[in-house]
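Asks: Curious how this folds, go ahead:
(2 chains)
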Amino acid sequence: MRRDIFQAIADPTRRGIVMLLAAHNMTPNAIAAHFDSSRQAVSKHIKILMECDLLHQQQQGREIYYHLNAKKMQEVEKWLEQFKSLLAKRFNQLDEVLTQLKSNEK
Amino acid sequence: MKKSILFNFTVDKQNKKIKVERSFNAPLDLVWKAWTESEVLDQWWAPKPWRAETKSMDFKEGGQWHYAMIGPDGEKQWCLHDFKSVESKKSFSGLDAFCDKHANINNTKPRAFWNNVFNDHSNSTIVNIEISFDEPENLETIIAMGFKEGFAMGLENLDHYLSSH
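Replies: Model (predicted):
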């Protein structure tokens, strides 16, 4: 099942997992140790993050490590960048309008 | 001497807020006018080559700004801004929305709450804008929509326009 990335990061525990993995790759046990919720509940959150392609897993010896799919995280940043550039352009237009208004007043 | 422009854009993901700070090289009276009078708003609110066209504006608490964003091919997106608070020449806030030409709101875009505070710095004015979303997931939803509708419309056109000038 494919899930929506934004639904995924709307949950505080899942955001917490993402923050942890931003620092370094971790095993499911190491991740679970950071939360009060049961190991099972944490596994479920990991599963959801996997389903929306935010996390990838990697086998290292006998252990499974999770790491962040940085590309997916960039979608959020990309939108914010767009919004920022929209505002920047809108305000540049306002600068011009203000210059005009000022010269009309003189 | 031309003063440099201040433009800060920060995202408070925890509180689902976007904070923007922008300075304008004009006295407060003029900046306030530009943000609150439809004839002036129509000149800058829509990113070129889009333009904004006001159908009606009643700038007061409980009033509305009903306008259309019109694209280069004549396509229209009707928008509404419900004013929640107005403190003359200091601040105003309101809730945005997409709607139809009769100002009936639709839910194709999560509503964002804009709070704009104007600060006088003699010949320049700093506007502090806080954009927040009442539904906890709305910032994500609006991001998930990729801003295809609404503000981003024509952004690509805009880039093209800007680079050709």
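Asks: low-scoring stretches of the chain, by residue?
Replies: Went with chain A since none was named. A:1-7, A:9-10, A:72-77, A:79 (pLDDT under 70).
Asks: nope, chain B please
Replies: Looking at chain B by pLDDT under 70, you get B:1-3, B:13-14, B:108-109, B:134-165.
Asks: Would you map the helices across it?
Replies: Remark: helices assigned in chain B by DSSP state H are B:28-36, B:38-44, B:138-144, B:155-163.
Asks: next one: chain A
Replies: So, for chain A - with DSSP H - the helices run A:5-8, A:12-23, A:28-32, A:39-51, A:70-105.
Asks: Looking at those helices, spot the one closest to B:S93.
Replies: Relative to B:S93, the nearest member of the helices of chain A by CB to CB is helix A:70-105, separated by 17.0 Å. Bear in mind the C-beta positions are built from the backbone N, C-alpha and C, glycine included.
Asks: and that closest one, what does it pack onto?
Replies: Under the contact definition 3 or more CB pairs under 8 Å, 6 or more residues apart in numbering or on different chains; DSSP states H and E, helix A:70-105 sits against helix A:5-8, strand B:7-12, strand B:17-24, helix B:28-36, helix B:38-44, helix B:138-144, helix B:155-163.
Asks: what's the angle between that helix and helix A:39-51?
Replies: Going by axes from the mean of the first three to the mean of the last three CA atoms, to 10 degrees, helix A:70-105 is angled at 70 degrees with respect to helix A:39-51.
Asks: Now do helix A:70-105: distance to the chain's middle.
Replies: 23 Å (CA atoms, centre = their mean, to the nearest Å).
Asks: Next one: the closest residue to A:L49 other than its chain neighbours relative to B:P49, how far apart?
Replies: Leaving aside its chain neighbours, A:L49 sits nearest to A:L55 (4.5 Å; criterion: CB to CB, 6 or more residues apart in numbering or on different chains). A:L55 is 41 Å from B:P49, where distance means CB to CB, to the nearest Å.
Asks: More neighbours: which of these two?
Replies: Neighbour count, other CB atoms under 10 Å in any protein chain shown: between A:L55 and B:P49, A:L55 has more, with 23 against 15.
Asks: give me the beta-bridge partners of that one?
Replies: Per DSSP bridges, the residues bridged to A:L55 are A:L68.
Asks: and chain A, what are its domains?
Replies: If you go by automatic domain parsing, the domain ranges for chain A are A:1-68, A:70-106.
Asks: Can you lay out the helices of chain A as a markdown table showing mean neighbour count?
Replies: Putting those into a markdown table (neighbours: other CB atoms under 10 Å in any protein chain shown) gives the following:
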| stretch | mean neighbour count |
| --- | --- |
| helix A:5-8 | 20 |
| helix A:12-23 | 16 |
| helix A:28-32 | 16 |
| helix A:39-51 | 16 |
| helix A:70-105 | 15 |
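Asks: quick one: contacts for residue 11?
Replies: Just so you know, I chose chain A. A:45, A:48 (CB atoms under 8 Å, 6 or more residues apart in numbering or on different chains).
Asks: I was thinking of chain B, sorry if that wasn't clear
Replies: A:80, B:17-19.
Asks: Pairing partners for it in the sheet, please.
Replies: For B:V11, the beta-bridge partners are B:I18 (DSSP bridges).
Asks: Pull the contacting residues for A:L20.
Replies: A:L20 is in contact with A:26, A:31, A:34, counting by CB under 8 Å, 6+ apart.
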